[in-house]
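Trainee: Build me a model:
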Amino acid sequence: MLTRIAFRNILRNRRRSLMTLLAIAVGGTAMILFGEFVAFIKAGLETNAVQKVGHLTVFRKGYFDYGAGNPGAFGIDHYEDVIRLIQEDREIQPALNVITPTISLTGIAGNFEIDTSKTFMGTGYVPADRERMRLWDQHGVSRRRVLTDPGLRQDDETRGVLGIGLARVLGLCERLHIADCPPRPAAVAAQRAAVAGQRTVAADLDLPPLTDDLPETGKARSDAPRIDLLAATASGAPNVMSLYVSSAEPQGARELDDNIVVMNFSLAQKLLYGRGEHKATGILVQLHRTDDLGRMRTRLNELFASNKLELEVRDFAEREPFYRQAVAMFSAIFLFISLIMAVIVLFTVVNTMGMSVVERTNEIGTARAMGVRRSGIRRLFVLEGAMLGGFGAIVGVVIGQIAGVLFNRTGAMWTPPGQAAPTPLQVLTSDAGGLLIGAFIALSLIATLAAVVPANRAARLEVVDALRHV
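Mentor: Okay, here's the model as predicted:
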């Protein structure tokens, strides 16, 4: 009976009730759309990080904190056995997607045709494994993304990829067809001509080349520009290798653009370890689902401890600090917008219920005179507020979900943080069940709490004053 009375009271002033429902629905729609957008951002950042460095990375203990100074000294001994140990573990095997060794190193990249050099940060990948990692897309955010040419070749270890900025500094704009590349200054061009003359003289003198240990497949790559990479081996001796640049790719951050070199794992091993024992500085572990990350990390630590291996495990959020920073920023923005929507809903419901109390003062007095207790009056108005909030929340959730689906079909594009190429701009509607339920509960609860203040005022009215109210 109380519910039917509350529903009829809502319908008595349809215009005011409709405006209140619309206010709640608009707040719910805004929360749903922006919440799904934030979920899409998080999923995109996670996907980019996992495609690049996997979910987990196995390092030798101490590498994560001190390995940047001398990566070769923190190499993983017998890394093939470690990979085999992980692959054959019965608990890890079902969750494992890709496991692959990697090399990280630093050095100097030089294009001596124009007498130019630049420090670089290099990463060595197994080309086939890298391609499999780039296909990971648990959240479906890369379905419309076009993957670029990887630049690495399984059958040609001399091929590699540079960042756009590093290729520009090394004077490779024309040969790599880099757009919007400013011309080199005249003084530098003159110096390049002089260096070219010196090269000709050196050729006439039949001087030996910097490196002479490249396979024939690398020597025959006259179509690709060549650079020389200088790095210190694990023993401290300098080592030089040649790299034929397949392409230059934007990295989304100037620091990476100006420094990154992606090369074949075998070439990186030769550059870092020379004639010594070839190791890996890290082992990338990519899982099928991110939900298994915590469990797999615990299992890896147990596995290493039981086999007395001096190894440690880091997840992708530790290796990519930008991920945590971006997620925290967008979460804070979502919280701020949600609070604004909550305040709007709160004051709208308070105003609506306050007007209802004023208009129904005589009815309240009559009900109290007939024996209805103060608690009954209070429950009636609170129930009306809860019903307004519930109906408005349902409408907002439905409209928000429909609007999200329609928006995803518009084909909008944008360049997200941490990326250099435009990607589809979408909201994540597929995994939004928790968001929809949370928005419904939050709006209903806010509307219910907002009705408490006018409900208490109605319950405290004196019977005589309420009956003679005009």
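
Trainee: other SSEs contacting the longest strand that the chain contains?
Mentor: Criterion DSSP state E: the longest strand present in the chain is strand 96-111. Counting contacts by 3 or more C-beta pairs under 8 Å, 6 or more residues apart in numbering; DSSP states H and E, strand 96-111 is packed against helix 79-87, strand 116-125, helix 127-134, strand 226-232, helix 265-273, strand 282-287. Quick note: C-beta positions are derived from backbone N, CA and C, even for glycine.

Trainee: How far off centre is the fourth one?
Mentor: Relative to its chain's centre, strand 226-232 lies at 32 Å (C-alpha atoms, centre = their mean, to the nearest Å).

Trainee: and after that strand, which helix or strand comes next?
Mentor: The C-terminal neighbour of strand 226-232 among helices and strands, as given by DSSP states H and E, is strand 238-249.

Trainee: Against which helices or strands is that following strand packed?
Mentor: Secondary-structure packing of strand 238-249 (3+ C-beta pairs under 8 Å, 6+ apart): strand 159-163, helix 164-169, helix 173-176, strand 226-232, helix 265-273.

Trainee: Now do the same for the longest one: mean pLDDT, whole number.
Mentor: Per-region confidence: helix 265-273 scores 94 on mean pLDDT.

Trainee: in it, what counts as buried?
Mentor: 265, 267-273 (16 or more other C-beta atoms under 10 Å).

Trainee: would you turn the helices and strands packed on strand 96-111 into TSV with distance to T47?
Mentor: Shown next, in TSV, are those (distance: least, C-beta to C-beta, whole Å):
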stretch	distance to T47
helix 79-87	23
strand 116-125	18
helix 127-134	10
strand 226-232	30
helix 265-273	23
strand 282-287	11
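
Trainee: looking at these, which is buried most?
Mentor: Each of the helices and strands packed on strand 96-111 was scored by mean neighbour count; the highest is strand 282-287, a mean of 25, by mean count of other C-beta atoms under 10 Å.

Trainee: Pass me the low-pLDDT residue ranges in the stretch 151-300 of the chain, would you?
Mentor: Within the stretch 151-300 of the chain, the segments meeting pLDDT under 70 span 186-222.

Trainee: Please, where are all the strands along the stretch 251-400 of the chain?
Mentor: Listed in chain order, the strands of the stretch 251-400 of the chain (DSSP state E, counting those that start in this stretch) span 260-264, 282-287, 311-315.

Trainee: will you turn those into JSON lines that also has distance to P422?
Mentor: Below are the strands of the stretch 251-400 of the chain laid out as JSON lines (distance: least, C-beta to C-beta, whole Å):
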{"stretch": "strand 260-264", "distance to P422": "20"}
{"stretch": "strand 282-287", "distance to P422": "25"}
{"stretch": "strand 311-315", "distance to P422": "29"}
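
Trainee: who wins for proximity to I364 among those strands?
Mentor: With C-beta to C-beta, the closest approach to I364 among the strands of the stretch 251-400 of the chain belongs to strand 311-315: 59.9 Å.

Trainee: Please name every helix or strand in contact with the closest one.
Mentor: Under the contact criterion of 3+ C-beta pairs under 8 Å, 6+ apart, strand 311-315 touches strand 56-60, helix 63-66, helix 293-306.

Trainee: Could you rerun that using 10 Å?
Mentor: Strand 311-315 sits against helix 14-53, strand 56-60, helix 63-66, strand 282-287, helix 293-306, with contacts defined as 3 or more C-beta pairs under 10 Å, 6 or more residues apart in numbering; DSSP states H and E.

Trainee: and for it, what are the contacting residues?
Mentor: The contact list for strand 311-315 (C-beta atoms under 10 Å, 6 or more residues apart in numbering) reads 49-50, 53-65, 76, 79, 82, 282-283, 285, 290, 293-294, 296-301, 303-305, 323.

Trainee: Ok, stretch 295-306 next?
Mentor: In contact with stretch 295-306 (C-beta under 10 Å, 6+ apart) are residues 55-56, 58, 61, 82, 85-86, 89, 91-92, 95-96, 283, 285, 287, 289, 292, 309-315.

Trainee: again, only using 6 Å
Mentor: 56, 91-92, 95, 311, 313 (C-beta atoms under 6 Å, 6 or more residues apart in numbering).

Trainee: same thing with stretch 376-387?
Mentor: 6, 9-10, 349, 353, 447-448, 451, 455, 458-459.

Trainee: Which of the strands of the stretch 251-400 of the chain sits closest to T100?
Mentor: strand 282-287 (5.3 Å).

Trainee: mind listing what I227 touches?
Mentor: 109, 111, 170, 243.

Trainee: could you measure the last one against A224, distance?
Mentor: In this structure, L243 lies at 9 Å from A224, with C-beta to C-beta, to the nearest Å as the measure.
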